[in-house]
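K.L.:
let's see this in three dimensions:
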Amino acid sequence: MQRRAGESVADTVREVGGLAASAGRADLAERLEQTHRRLLDPGIRVIVVGEFKQGKSKLINALVNAPACPVDDDIATSVPTVVGYAPEPSAWIVERAKPSGADPLHQPLRRRQIPLDDLAEYVSERGNPANERGIVSAEVLLPREILKGGLQLVDSPGVGGLESTNALTTLAALSSAHAVLMVSDASQEYTEPEVQFLRHAMRISPNVAAVLAKTDLYPEWREVEEIDRRHLLETGDVPIFAVSSDLRLLAAELQDRSLNDDSGFPALVAHLRREVLGRAEVIHERGAVHDLLSVIDQLTMSMRTELHALQNPEDTPRMIAELEAAKASADEFRGRSARWQVTLTDGIADLVADMEHDVRDRLRRVMREAEKSIDEGDPGPIWDQITEWLDQRVAAAVAETFVWTDERSTWLAEEVADLFSKGETELPAIDVHDTRGVLDPVDEISGLDAGQLSAGEKIYIGVRGSYGGVLMVGLVTGLIGLSLINPLSLLAGVLVGRRAYREDMHARLARRQQEAKLIVRRHIDEVTFQVGKQLKDRLRLVQRTARDHFGSMAEELHRSLSEALTTAKQAATTFTAQRDARVSTLNKRVAQLEELRSHIPVLEPGVMAALPAADALPAADAERVTS
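P.N.:
Okay, here's the model as predicted:
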């Protein structure tokens with residue numbers, strides 16, 4: 001079984017770490033300690049995303065056969081909720097400590113338990129509208145077999161379209177997930193925002209699948225599924241699963257296998273177990289195997305070098321010369337002029353320039369669109385809608401830039417890894433595309449006069465404009481004996497006043513349009529300034545992370561070669577009595593390392609370990625969990 005193999009690798013990691021520590025290699029022991037901690041953390045996160053009221057919460061409830069997430073016609077999720085395993089059911093929330101003058105975003109997090117029955121008051125729009133309580137996340141722990149292997153299902157708030165705030169927050173969370181389930185009900189085909197979100201998710205997450213929910217409510221769901229499949233073929237290689245959560249829950253209650261098959265859940269469960277749990281475990285194990293082989297090779301190199309020098313003293317000068325040449329090469333890798341260092345530095349400089357241009361270009365397009373819409377009408381009465389649209393478009397542009405930056409940063413790390421060591425697959429942990437808090441320093445868009453005039457103001461403008469017409473025509477008609485105020489002068493006053501009123505309205509509209517454009521430009525400039533600073537900070541962090549990651553490997557290799565060279569020189573001067581004892585000790589240690597190496601599993605590419613059956617019904621709830 002895959003889990004047993006993982007436990008075997010963890011035991012080997014612990015044993016090799018102990019050998020490294022006893023050999024005086026604290027750096028290698030610390031590296032394996034980190035590897036051991038990663039292996040002991042079984043959490044495999046699957047984030048369930050989709051627009052509002054698409055059936056995400058009920059899908060999770062059907063998977064675990066328990067009301068883990070609140071579901072009702074008037075309930076929508078407002079806080080991400082993680083459903084994981086524990087022997088006893090419980091519910092927790094993670095919230096920030098009450099701010100005390102400092103920035104609330106930098107307040108420490110605290111985790112506290114809540115009653116399961118009260119969960120909806122914390123995670124739903126009805127109990128916690130727009131997350132007014134400021135809860136970071138909620139966690140529900142249940143004794144369910146499907147969760148026992150480390151699977152964690154994350155119920156996310158509805159994204160409401162790619163450009164919504166929830167969508168940007170959800171996109172930011174995808175980097176920490178092992179897989180994504182995109183849920184859409186069978187009432188209609190994918191909308192354009194859903195297709196765009198899928199494309200973004202595929203760029204961020206390594207494993208994306210689509211779920212067509214509520215098939216029991218829509219008889220024509222097969223036609224919708226076929227249309228959605230065509231959309232997915234254009235997007236990429238994304239599997240789709242048509243399911244009915246109500247049928248799944250009913251099948252579990254009645255223990256009806258045929259009803260469970262009709263629900264469509266066996267295929268989805270099989271996907272989770274094989275393509276998500278199986279792949280995540282293999283990836284974790286591959287990383288551990290890579291670390292083990294690297295450490296064993298370095299420990300073995302030092303011991304074999306000393307052993308060869310003790311057993312073949314006549315060959316020691318040649319071996320010392322080879323080690324000195326290898327050590328000199330390792331010294332070059334540690335230096336600032338090393339090729340990987342130059343590639344990293346130049347790559348970051350290019351990235352900074354490219355990202356600055358990218359964010360400016362995207363925001364300039366948003367500004368041009370905003371100015372065009374302002375020119376097409378009066379921005380005053382609809383300024384609230386314009387500012388909402390502008391906020392969404394700016395947030396989407398910034399998110400796209402950060403996603404692209406993350407992709408380029410990962411590509412750069414892979415380029416450096418190829419130069420650093422041929423066949424090196426371990427990369428530093430890079431997370432650039434998280435846009436949470438990026439736009440917080442930007443001030444809100446200024447208000448704009450709605451341009452609505454009262455009746456008195458309109459009369460005043462008309463009278464003021466008509467005065468000249470009455471006076472001019474009245475003076476002319478006075479030459480023929482008429483009074484200043486006469487029908488002709490009054491008619492002229494009305495015509496001139498009407499024209500003056502229209503000109504005044506056009507002038508006011510032009511001023512509002514110019515003021516609106518100025519507000520938009522100032523806002524875009526502020527966003528560009530703040531986002532540019534954030535991008536530079538993130539890319540500097542990428543540079544430091546990659547430099548420290550690969551630099552530590554260079555240090556490990558340099559120290560291993562230095563110790564091998566030192567032991568070879570010491571072996572040349574070792575007396576015969578001591579030599580025999582040292583040879584015996586080294587032979588035992590090398591044999592021990594080789595024995596441990598034989599315990600490391602060989603992972604064939606594309607081969608998944610055996611996993612539990614995927615089509616079983618969820619166990620009936622002996623202890624019904626309520627929430």
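K.L.:
and the gap between the residue lying closest to Y85 once chain neighbours are set aside and A399?
P.N.:
Using Cβ to Cβ, 6 or more residues apart in numbering and skipping the chain neighbours, the partner closest in space to Y85 is L147 (3.8 Å). Quick note: C-beta positions are derived from backbone N, CA and C, even for glycine. According to Cβ to Cβ, to the nearest Å, L147 stands 31 Å off from A399.
K.L.:
more crowded one of those two?
P.N.:
Set L147 next to A399 and count neighbours by other Cβ atoms under 10 Å: A399 wins out with 23 against 20.
K.L.:
and D449, what pLDDT?
P.N.:
For D449, the pLDDT comes out at 59.
K.L.:
the one 4 residues further on now?
P.N.:
With respect to pLDDT, L453 scores 60.
K.L.:
now do G474
P.N.:
66.
K.L.:
in the protein, which helix or strand is least confident?
P.N.:
Least confident element among the helices and strands of the chain, by mean pLDDT, DSSP states H and E: helix 165-173 (a mean of 54).
K.L.:
next SSE downstream of that helix?
P.N.:
Next helix or strand after helix 165-173 toward the C-terminus (DSSP states H and E): strand 179-185.
K.L.:
output the contacting helices and strands for that following strand.
P.N.:
Here strand 179-185 touches strand 44-49, helix 56-64, helix 192-204, strand 208-213, going by 3 or more Cβ pairs under 8 Å, 6 or more residues apart in numbering; DSSP states H and E.
K.L.:
remind me what the helix or strand just after the second one packs against, helices and strands.
P.N.:
Scanning forward in sequence from helix 56-64, with DSSP H and E defining helices and strands, the next element found is strand 81-85. Of the remaining helices and strands, those touching strand 81-85 by 3+ Cβ pairs under 8 Å, 6+ apart are strand 135-142, strand 151-155.
K.L.:
now do the longest one: which elements does it pack against?
P.N.:
To tie it back to what came earlier, the one meant is strand 135-142. strand 81-85, strand 90-96, helix 120-123.
K.L.:
doesn't E414 lie inside a helix?
P.N.:
Yes. Read with DSSP: H, G, I helix; E, B strand; the rest coil, E414 is one of the residues of a helix.
K.L.:
ok, so what distance separates it from T343?
P.N.:
As for E414, its distance to T343 is 11 Å (criterion: Cβ to Cβ).
K.L.:
okay, now the unreliable bits of the stretch 501-627 of the chain?
P.N.:
501, 558, 561, 563-565, 567-580, 582, 602-627 (pLDDT under 70).
K.L.:
and R559, how far from F550?
P.N.:
Distance from R559 to F550, by Cβ to Cβ: 15 Å.
K.L.:
ok, these two, which is more surrounded?
P.N.:
Set R559 next to F550 and count neighbours by other Cβ under 10 Å: F550 wins out with 25 against 17.
K.L.:
so the more buried one sits against D418, correct?
P.N.:
No. Contact criterion Cβ atoms under 8 Å: F550 and D418 do not qualify, at 11.2 Å.
K.L.:
relative to D384, which of the helices and strands packed on strand 179-185 is closest?
P.N.:
Among the helices and strands packed on strand 179-185, helix 192-204 comes nearest to D384, with 21.4 Å by Cβ to Cβ.
K.L.:
nice, that's everything, thank you.
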